[in-house]
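> Whatever this is, show me its structure:
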Amino acid sequence: MNEKKDKWEQLTEIPQDYEVNPDLIKKAESAMRQERRTTRRNVHVWQTVAGSLAACCLLLIMIPAFRSLGNGPITPPDSSSSSAEERYFDDGSIIKENADIIEVVEANHLQIKYYNDETVTSQIWKIKDTDELAIIYQSMFCFDTWDTVTLMISLKPSDKFEAFVLYENLSENMSVSDIAIQYSIQQEEKRVKAKFVYEGFPYYLEIKTEDATGKIEKYVNMLISQQN
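Below is the predicted model of the structure:
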């Protein structure tokens, strides 16, 4: 019994003089390294996919919130704040579109006065590069006086527009319904220009008339008394 080894021991015994092939060791190590790289790469890919999916979900959640910001009321800026940088827009920077004034006012929650006579045509003027609503424009023909009245309302009081350049040097002053008005009567052109600020928004009025007497009072009071 002692002379003969157990068969199991014979099968499991590793000869002491067994020589390991160095090429096999290198191949094994290389295979292990490749396996680790593949595992890490797969983990990185799944991390990237998971991150992208999370970002897409966040974007889908935030888009409605950002859109809702554009539906808020347009209000005049605080005149005491100097943080707003003044911008200038020439006529080429403006897009003009015909519009239903009531729909525009309601959609943008505008707290403004406007004419709503049947003869009135209205436009919205937007800044081309940003699509911002900038000016409300109205034109009206009055059959009782044969006057043509043009009204512009600036929704961007902190900005300057070429459309208002002709109103910069109005030399006369008056008050209508406690509203301070600057105006100028151009007799030769039979034209009256006036400007005033009402509830924070600048209004620009032009009246083409044969007789300028009392016309500023007439059309300013008509505007302010509108139930809109």
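> Okay, now the sheet partners of the strand ranked longest in the chain, with direction.
As assigned by DSSP state E, the longest strand anywhere in the chain is strand 133-142. Within its sheet, strand 133-142 is paired with strand 121-127 (antiparallel), strand 147-154 (antiparallel), according to DSSP bridges.
> Give me the three-state assignment for residue 213.
coil (DSSP: H, G, I helix; E, B strand; the rest coil).
> Please apply the same query to residue 210.
Secondary structure, three-state DSSP: residue 210 is coil.
> That one - how many residues pack around it?
Using other Cβ atoms under 10 Å, the number of residues around residue 210 comes to 9. (Each C-beta comes from the backbone N, C-alpha and C, glycine too.)
> Offset the numbering so it begins at 48, please.
I'll keep to 48 as the first residue from here, and by that count the last item is residue 257.
> What's the separation between it and residue 270?
In this structure, residue 257 and residue 270 are 21 Å apart, going by Cβ to Cβ, to the nearest Å.
> What of residue 234?
On the measure of Cβ to Cβ, residue 234 and residue 270 end up 24 Å apart.
> More neighbours: which of those two?
Shown here are residue 234 and residue 270; by other Cβ under 10 Å, residue 270 has more neighbours (24 against 8).
> backbone phi and psi for the more buried one, please?
Reported as degrees, to the nearest 10, the phi and psi values for residue 270 are phi -70, psi -50.
> Output the below-cut-off pLDDT ranges for this protein.
48-131 (pLDDT under 70).
> And the strands in it?
Here the chain has its strands, by DSSP E, at 135-136, 141-145, 168-174, 180-189, 194-201, 207-208, 219-223, 226-233, 238-245, 248-255.
> and the nearest residue to residue 182 once chain neighbours are set aside, what is it in contact with?
Closest residue in space to residue 182, ignoring its immediate chain neighbours: residue 172 at 3.9 Å, by Cβ to Cβ, 6 or more residues apart in numbering. When contacts are counted by Cβ atoms under 8 Å, 6 or more residues apart in numbering, residue 172 is found next to 141-144, 180-184, 210.
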